[in-house]
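Asks: 3D, please:
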Amino acid sequence: MARYDIPSEGTNLEQKLQEQITRSIQNAVDSKKIGIAFSGGVDSCLLAKITADLGYEVLLLTIGFDNSHDIKFSRGMAVLLGCKHLVETISEKTFPLVVRRIKRIIETDNLSWNENCIGFHYVSKLAKKHRIKKVLTANGIDELFCGYNSYREVISQGEKAVAAMMEKKLDNEIKMMEAVNSITLEFGIHLLQPFLSREFVEFAKEISLDEKIWGPDDLMRKHIIRKLALLTGVPKESALKRKKALQYGSLIHKNLMKIRKTWNRTS
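Replies: Below you'll find the predicted structure:
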């Protein structure tokens, strides 16, 4: 558990971060109705809360296999946020067909890219079903605010090592989301990443490292994001919850590994 409770008021930095997030959302969204890719974690909850508070008609979109962590956890968070929540349960029967098709389209064996493209395939399918044309995602937060465990592994090497890793991860994320968008556009869905906008990236890079990660033993990380989440009314269960990536929380990774083992045995 992080070493802080719900703040009574925001610092100047937290206020500036909220203003920058608000501006990034407003610059990205040009319609009243907007979908948000939603796992119930701190990043998607913060994005949903600020977007809803701005007056947009927010529809939370969650995907996953039956009884997956993301489906179960997101339902509770959606109720607490007071937003409409839509769920797409992934069919075990048709999943292998989707896997093959996506791998053929993006033409890479990169596991993370395939898993994210699969996940957003289902997000887009759900969005189209409910006539949502644009979907916000929280991609970029983990890269910019040291959300990954790999940041713990390099922080002892100093800020330059962290900055180098951040650049590498941002470059990969931007390229991966281009591949993801090639999948979602088949449904007529545009994914929008306000946290990967040039202005937000430049702002986030200037935030002190100790607002993001405290050392190699820091299991929580993203501390300024978590503090802002608490300040804006994100449920504490989400704001202080440790990261669980889309492919794991949805059980996409687990089921993809099963398929690959089957294919390897029969090839």
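Asks: do you know how far Thr62 is from Gln247?
Replies: Distance, Thr62 to Gln247, by Cβ to Cβ, to the nearest Å: 14 Å. Using the backbone N, CA and C atoms, a C-beta is placed for each residue, glycine as well.
Asks: between these two, which one's more packed in?
Replies: For Thr62 versus Gln247, the count of surrounding residues by other Cβ atoms under 10 Å is larger for Thr62: 29 against 19.
Asks: any idea of the mean pLDDT in the longest helix that the chain contains?
Replies: Looking across the chain with DSSP state H, the single longest helix is helix 159-184. Mean per-residue pLDDT for helix 159-184: 96.
Asks: Can you report how many residues lie near the nearest residue to Pro235 once chain neighbours are set aside?
Replies: Among residues not flanking Pro235 along the chain, Leu80 sits closest, at 4.5 Å (Cβ to Cβ, 6 or more residues apart in numbering). Counted by other Cβ under 10 Å, the residues lying close to Leu80 total 16.
Asks: so how far is Cys45 from Leu80?
Replies: The value you get for Leu80 to Cys45, if Cβ to Cβ is used, is 9 Å.
Asks: list the residues that contact both of these two?
Replies: Taking Cβ atoms under 8 Å, 6 or more residues apart in numbering as the criterion, Leu80 and Cys45 both touch Pro235.
Asks: ok now the longest helix of the chain, how far from the chain's centre?
Replies: Averaging C-alpha positions (Cα atoms, centre = their mean, to the nearest Å) puts helix 159-184 13 Å from its chain's average.
Asks: How about it, which residues are buried there?
Replies: By 16 or more other Cβ atoms under 10 Å, the buried positions in helix 159-184 come out as 162, 165-166, 169-170, 173, 176-177, 179-181, 183-184.
Asks: centre of the chain versus the helix or strand hosting Gln18, how much separation?
Replies: Following DSSP states H and E, one finds Gln18 within helix 12-28. The chain centroid and the centroid of helix 12-28 are separated by 17 Å under Cα atoms, centre = their mean.
Asks: Quick check: which ranges of the protein have low pLDDT?
Replies: Along the chain, the parts satisfying pLDDT under 70 run over 1-10, 263-267.
Asks: Can you dump the C-alpha atoms of the strand ranked longest in it in CSV for me?
Replies: Secondary structure of the chain read by DSSP state E shows that its longest strand is strand 57-64. C-alpha atoms of strand 57-64 as CSV (Å, rounded to 0.1, in the frame of the first residue of the first chain):
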residue,chain,number,x,y,z
GLU,A,57,-21.6,11.4,-22.1
VAL,A,58,-19.1,8.7,-21.0
LEU,A,59,-19.6,5.0,-21.8
LEU,A,60,-17.2,2.7,-20.1
LEU,A,61,-16.1,-0.2,-22.3
THR,A,62,-14.7,-3.4,-20.7
ILE,A,63,-13.7,-6.6,-22.4
GLY,A,64,-12.5,-9.9,-21.1
